[in-house]
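Enquirer: The amino acid sequence is not available; the structure is as follows:
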């Protein structure tokens, strides 16, 4: 039993796939009228879950969107 890892013991060793893009790094967006592929904002295109990542931070004005005055 010494070789068994306790439940939740080393979760950081194996990254989880990103749920919104299912590990592909791409999502389908319907913004603009027609469906098109976009880089997943939740995993930044890596396909791996990023704990504590805020996918909407760039859209709130903290990013380099260039839409300011």
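Expert: All right, it came through fine. Keep in mind it's a predicted model, so treat the numbers as computed, not measured. Numbers count the residues shown, from 1 in each chain.
Enquirer: make it CA atoms for all contacts and neighbour counts henceforth
Expert: Fine.
Enquirer: For this protein, which segments count as strands?
Expert: Assigned strands in the chain, in chain order: 26-29, 36-39 (criterion: DSSP state E).
Enquirer: quick one: low-confidence parts of this structure?
Expert: Scanning the chain for pLDDT under 70 picks out 1-13, 61-69.
Enquirer: out of everything not next to it in sequence, what's closest to residue 50?
Expert: In space, residue 50 comes closest to residue 43 once its chain neighbours are excluded; the distance is 5.9 Å by Cα to Cα, 6 or more residues apart in numbering.
Enquirer: try residue 45
Expert: Residue nearest to residue 45 in three dimensions, not counting chain neighbours: residue 25, with 3.9 Å by Cα to Cα, 6+ apart.
Enquirer: Any chance of the backbone angles for the one you found?
Expert: Dihedral pair for residue 25: phi 80, psi 0, per degrees, to the nearest 10.
Enquirer: do the same with the one 5 residues further on
Expert: Note on residue 30: backbone dihedrals following degrees, to the nearest 10 are phi -100, psi 10.
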